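Novice: Provide a 3D model corresponding to the input given below.
(chains A and B)
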Amino acid sequence: MRCVKEYKRCYDSSRMKGNVDIALETKEPLNRFLAAIERRAFKMARFASGNTDEAMDLVQEAMFQFVRRYSDRPSGEWKTLFYRILQSRITDWHRRTFVRKRFLAWLGRDSQEENPEDPLQALADPASPNPHEQAMRQEERKALEKAIGALSLRQRQAFLLRAWEGMDVRQAAAVMGCSEGSIKTHFFRAVHTLRGLLEDVHP
Amino acid sequence: MKERDREEYFLGKVQDLLNEGAEHLDPRTRDRLERVRIRALSAGEEKGGFFTPLRWIMIGGFATATMAATALFFWLHTSPPGALPAKQIEDFEIITSREQMDFYQNLDFYRWLATEQNGPGKGKTS
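Specialist: Next up is the predicted model:
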């Protein structure tokens, strides 16, 4: 009997202590998942908005909504769900911005565009083993990002999900909420446009 | 090189460059992203199941509205036949107004007071 009581006391104390550990344990995989995708998500939002602060807001909204609504779902579904929220936020942002731009144009004002990049970021690192090569890569990167920015919203989304995130057609269609045929079309057109725009850089 | 191979090469290079771009984000942006992530995770912990304060307000509001509708229904349907609807609504207002309820409860007192002020015999006609 005494053993049972002792066991129960141990069980209760470990359970109380365990509540905190459980919270951390359940949060840790989510933390790792978000840490792994946050930079790519930010870049996608940055391509879409062309503005660092707007991109940060989009990622923040997506993360909050994802954690609040889908953190209980199996981890295998997280990627699709997170990108679905992010793409939906980007599309909403695109619509809002379009209306705002039209309104400002009607008022005769220009909307505020694009934060200039930090010029220090564009400099090649002299400590690098090959600063010349690094500078070349930066130029290539810049050209690629500019070309991606020139794609239409849907083409860009389809291209980044397929070519960067490595999603198959079905996953990309689920994220973008459209048919698999549309994904194939958008992706094909995006690749064709990019190859045309980057012909000099990537012959 | 075949067209398909050229495309694969192109896509591979694009992926490398995009990954590099993501890895080379400036430290300030990386910090901001980390803060955003931590805030999102903390906010997620605070979510309060089904019975959130807003949900309680909605439930309370719905219960009050249902009670008021039920009371109105019974009041209108249990009144004597032939009573005028307008009068019933007036009665309902009287019932639901706390101030007026006090007045009607003390009506006997006010009647007695009026009689006393006029004098016990003043109300009588000769």
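Novice: Specify the helix with the largest residue count in chain B.
Specialist: Counting by DSSP state H, the longest helix found in chain B is helix B:53-77.
Novice: mind checking which helix or strand of chain B has the lowest mean pLDDT?
Specialist: helix B:85-96 (a mean of 59; mean pLDDT, DSSP states H and E).
Novice: So which bits of chain B are right by chain A?
Specialist: Taking Cβ under 8 Å from any Cβ of the partner chain as the measure of proximity, chain B contacts chain A at B:7, B:10-11, B:13-15, B:17-26, B:29-30, B:32-34, B:36-37, B:39-41, B:43-45, B:47. For every residue, glycine as well, the C-beta is placed using N, CA and C.
Novice: again, 6 Å this time
Specialist: With Cβ under 6 Å from any Cβ of the partner chain as the criterion, chain B meets chain A at residues B:10-11, B:13-15, B:17-18, B:21-22, B:25-26, B:32-33, B:36-37, B:40-41, B:43-44, B:47.
Novice: Can I get the buried part of these as one PyMOL selection?
Specialist: Only the buried entries of those go into this PyMOL selection, using 16 or more other Cβ atoms under 10 Å in any protein chain shown:
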select buried, chain B and resi 10+11+14+17+18+21+22+25+32+33+36+37+40+41+44
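Novice: Out of the residues of chain B next to chain A, which sit inside helices?
Specialist: Using DSSP H, the members of the residues of chain B next to chain A that fall within helices are B:10-11, B:13-15, B:17-18, B:21-22, B:32-33, B:36-37, B:40-41, B:43-44.
Novice: count of neighbours near the closest residue in space to A:A172 that isn't next to it in sequence?
Specialist: If the residues on either side of it in the chain are set aside, A:A172 comes closest to A:L161, at 4.3 Å by Cβ to Cβ, 6 or more residues apart in numbering or on different chains. By other Cβ atoms under 10 Å in any protein chain shown, the residues close to A:L161 number 26.
Novice: ok, A:L161 touching A:D168?
Specialist: No - judged on Cβ atoms under 6 Å, A:L161 makes no contact with A:D168 at a distance of 9.7 Å.
Novice: quick check: mean pLDDT across stretch B:117-126?
Specialist: Across stretch B:117-126, pLDDT averages out at 57.
Novice: which parts of chain A sit against chain B?
Specialist: Contact residues, chain A versus chain B (Cβ under 6 Å from any Cβ): A:27, A:31, A:34, A:38-40, A:42-43, A:56, A:60, A:63-64, A:67-68, A:71, A:118, A:121, A:140-141, A:144, A:163-164, A:202.
Novice: Okay, helices next: where are they in chain A?
Specialist: Using DSSP H, helices in chain A cover A:2-49, A:52-70, A:78-107, A:131-149, A:153-159, A:169-176, A:180-197.
Novice: mind giving me CSV with those and columns for mean pLDDT and mean neighbour count?
Specialist: CSV is the format used below for these (pLDDT from 0 to 100; neighbours: other Cβ atoms under 10 Å in any protein chain shown):
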stretch, mean pLDDT, mean neighbour count
helix A:2-49, 71, 14
helix A:52-70, 93, 20
helix A:78-107, 87, 16
helix A:131-149, 86, 16
helix A:153-159, 94, 23
helix A:169-176, 94, 20
helix A:180-197, 94, 17
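Novice: so which of the ones you listed gets nearest B:A63?
Specialist: For the helices of chain A, the distance to B:A63 is smallest for helix A:52-70, at 27.1 Å, taking Cβ to Cβ.
Novice: name the helices or strands packed onto the closest one?
Specialist: Secondary-structure packing of helix A:52-70 (3 or more Cβ pairs under 6 Å, 6 or more residues apart in numbering or on different chains; DSSP states H and E): helix A:2-49, helix A:78-107, helix B:27-45.
Novice: Nearest to A:A190, out of the ones you listed?
Specialist: Of the helices and strands packed on helix A:52-70, nearest to A:A190 by Cβ to Cβ is helix A:2-49, at 11.9 Å.
Novice: Nearest residue to B:A40 in space, please, no chain neighbours.
Specialist: A:M63 (3.8 Å).
Novice: And B:G21, by the same measure?
Specialist: A:R141 is the one closest to B:G21 (Cβ to Cβ, 6+ apart), at 5.3 Å.
Novice: right, and the one you found touches B:D16 too?
Specialist: No - with contact defined as Cβ under 6 Å, A:R141 and B:D16 do not form a contacting pair (9.5 Å).
Novice: Spatially central residue for chain A, please.
Specialist: The centroid of chain A falls nearest to A:A41 when counting by Cα atoms, centre = their mean (1.4 Å).
Novice: Could you pull up the residues touching that residue?
Specialist: A:59, A:86 (Cβ atoms under 6 Å, 6 or more residues apart in numbering or on different chains).
Novice: Then A:A45?
Specialist: By Cβ under 6 Å, 6+ apart, the neighbours of A:A45 are A:55, A:58-59.
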